[in-house]
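[1] Turn this into a model:
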Amino acid sequence: MAAVAASRTVSVGSGLRGLRRTLPLVVILGATGTGKSTLALQLGQRLGGEIVSADSMQVYEGLDIITNKVSAQEQRICQHHMISFVDPLVTNYTVVDFRNKATTLIEDIFARDKIPIVVGGTNYYIESLLWKVLVNTKPREMNTEKVIDLKVELEKEDGHALHKRLSQVDPEMATKLHPHDKRKVARSLQVFEETGISHSECLHRQHAEEGGGPLGGPLKFPNPCILWLHADQTVLDERLDKRVDDMLAAGLVEELRNFHRCYNQKKVAENSQDYQHGIFQSIGFKEFHEYLTTEGKCTPEISNQLLKKGIEALKQVTKRYARKQNRWVKNRFLSRPGPSVPPVYGLEVSDVSKWEESVLEPALEIVQSFIQVIINHGTVSCLVFRELSLADTFVAVSGSQAFSSVK
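    Next up, the predicted model:
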């Protein structure tokens, strides 16, 4: 769990009153284990902000340990949103559902003259809040249940048959997607079925908007302040291994066992288990499938071996996921083409003993500099991001003024 934030509060001044939409939308990026939740808590407390979780698994009730949710005590320190509100049996909660609810929350936080702090490891959820990258056309009149379950039902069909259907209604998208990538093919078909417009055409319309680019439309909010927490990979790997050990000590196995009995045991008995949708795709749940389904049916020695196998698998898949998250940040944020590319500020988090001076204080300085520029000029949209070195320094320059974080 994230560390409890320090008690000292820093006022951002009365100049915030009435600024509303011109306040910065603070976004904290980073791989799992880099301390995003800790920094969000500290910034939220000191700046009087509210935290919006952008984690595709934390939206579900249950599995609090394996999804690394902030504790009830931490949530009392600073208001959190988008955590534990979806029934775990729901398997069709999408990024569109997240975007719609979270955007409304962010608007409400701005309306109350507070700073929204978006934090999480599901980077495409974060993208959906930063850019107009998703379909916004009004769906045709359809049966509600059919709309909700359409993508799930499509994914049950043969991949080649789905791809053939896509090639008939959206040949441009079909040439970009492999028949084996059923989820993306189904998504494109879903867009056409629900809107009557091809997925390709929807994307073209978004990109054609002022400020649009190859990866999406213009920014949704005018002043995003993006902080990227990054660490040496070897250090992060060791930290992630320890975090799994800490989860085990906190009761991870019992949590998985109880969740399996309540929600998954019947599905396994009916051979209908699904580790591709909903909370069941959480990292750490399917890795213990063999252990959970054979408990009480094998010798203690074999059961212990399966438990160790699950633990090792969890550690390996967590480290792979951290690498995937960093690749996404570098490809979709640091190297993003187009005009609507906000600055990204890198904060080195390898040495947690220097957290105060190398992470918290620079982060506060960056956000408060944003606020000061907004108070003086009304916007920070003139900032231009210049990447100096992925391993060293990130600087955003506005005229003669530079905001930077140095390793």
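
[2] CA atoms for contacts and neighbours, from now on please.
    OK.

[3] Run through the residues that contact Tyr124.
    Counting by CA atoms under 8 Å, 6 or more residues apart in numbering, Tyr124 touches Val95.

[4] Next one: it from Asp170, what distance?
    Using CA to CA, to the nearest Å, we find Tyr124 at a distance of 23 Å from Asp170.

[5] repeat for Glu295
    48 Å.

[6] which regions of the stretch 301-407 of the chain sit below the pLDDT cut-off?
    337-339, 378-407 (pLDDT under 70).

[7] What segments of it are strands?
    Ranges of strands in the stretch 301-407 of the chain, per DSSP state E, counting those that start in this stretch, are 344-348, 384-387, 393-398, 401-406.

[8] Give me the sheet partners of the first one and which way each runs.
    The strands beside strand 344-348 in its sheet (DSSP bridges) come out as strand 224-230 (parallel).

[9] Alpha carbons only: can I get the strand it pairs with in PDB?
    Once side chains and other backbone atoms are set aside, the C-alpha atoms of strand 224-230 remain, and they are given as PDB (Å, rounded to 0.1, in the frame of the first residue of the first chain):
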ATOM      1  CA  PRO A 224      -2.400  19.300 -18.100                       C
ATOM      2  CA  CYS A 225       0.600  18.900 -15.900                       C
ATOM      3  CA  ILE A 226       2.100  15.500 -16.400                       C
ATOM      4  CA  LEU A 227       4.600  13.900 -14.000                       C
ATOM      5  CA  TRP A 228       6.300  10.700 -14.900                       C
ATOM      6  CA  LEU A 229       7.900   8.600 -12.100                       C
ATOM      7  CA  HIS A 230      10.700   6.400 -13.400                       C
END
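
[10] Please enumerate residues in contact with it?
    By CA under 8 Å, 6+ apart, the list of residues contacting strand 224-230 from outside reads 24-31, 34-36, 130, 342-350, 363, 367, 370.

[11] C-terminal to it, what's the next element?
    helix 233-249 (DSSP states H and E).

[12] So what's the gap between that following helix and the chain middle?
    Centroid separation between helix 233-249 and its chain, computed with CA atoms, centre = their mean, to the nearest Å, is 20 Å.

[13] could you say what helices and strands it packs with?
    Judged by 3 or more CA pairs under 8 Å, 6 or more residues apart in numbering; DSSP states H and E, helix 233-249 is in contact with helix 300-329.

[14] Just the angle for the helix it packs on relative to strand 344-348, thanks.
    With axes from the mean of the first three to the mean of the last three CA atoms, to 10 degrees defining the directions, helix 300-329 sits at 140 degrees from strand 344-348.

[15] Next, the buried residues of helix 300-329.
    Across helix 300-329, burial judged by 16 or more other CA atoms under 10 Å covers 303, 306-307, 310-311, 313-315, 318-319, 321-323, 325-326, 328-329.

[16] list the buried ones in stretch 348-356?
    In stretch 348-356, counting by 16+ other CA under 10 Å, buried: Glu348, Val349, Ser350, Trp355.

[17] Please apply the same query to stretch 176-196.
    177, 179, 182-195.

[18] Count the neighbours of Asp158 for me.
    Asp158 is surrounded by 12 other residues when neighbours are defined as other CA atoms under 10 Å.

[19] next one: Glu153
    For Glu153, the number of neighbouring residues by other CA under 10 Å comes to 11.

[20] Please determine how far it is located from Arg187.
    Going from Glu153 to Arg187 by CA to CA gives 11 Å.

[21] One more: Ala31?
    Where Arg187 is concerned, Ala31 sits at a distance of 26 Å (CA to CA).

[22] Same check on Leu219?
    Leu219 sits at a distance of 23 Å from Arg187 (criterion: CA to CA).

[23] Regarding Cys298, what is its secondary structure?
    Reducing the assignment at Cys298 to three states with DSSP: H, G, I helix; E, B strand; the rest coil gives coil.

[24] Would you check how far apart it and Leu292 are?
    Cys298 sits at a distance of 11 Å from Leu292 (criterion: CA to CA).

[25] Those two: which has the busier surroundings?
    Leu292 (23 against 11).

[26] Quick check: that one touching Phe259?
    No - taking contacts as CA atoms under 8 Å, Leu292 lies outside contact range of Phe259: 10.2 Å.

[27] quick one: low-confidence parts of the chain?
    By pLDDT under 70, the weakly predicted segments of the chain are 1-22, 133-152, 194, 206-216, 268-275, 337-339, 378-407.

[28] and the residue positioned nearest the centre of it, what is it in contact with?
    Most central in the chain under CA atoms, centre = their mean is Thr122, positioned 2.2 Å from the mean C-alpha point. Listed by CA under 8 Å, 6+ apart, the contact partners of Thr122 are Ala54, Asp55, Ser56, Gln325.
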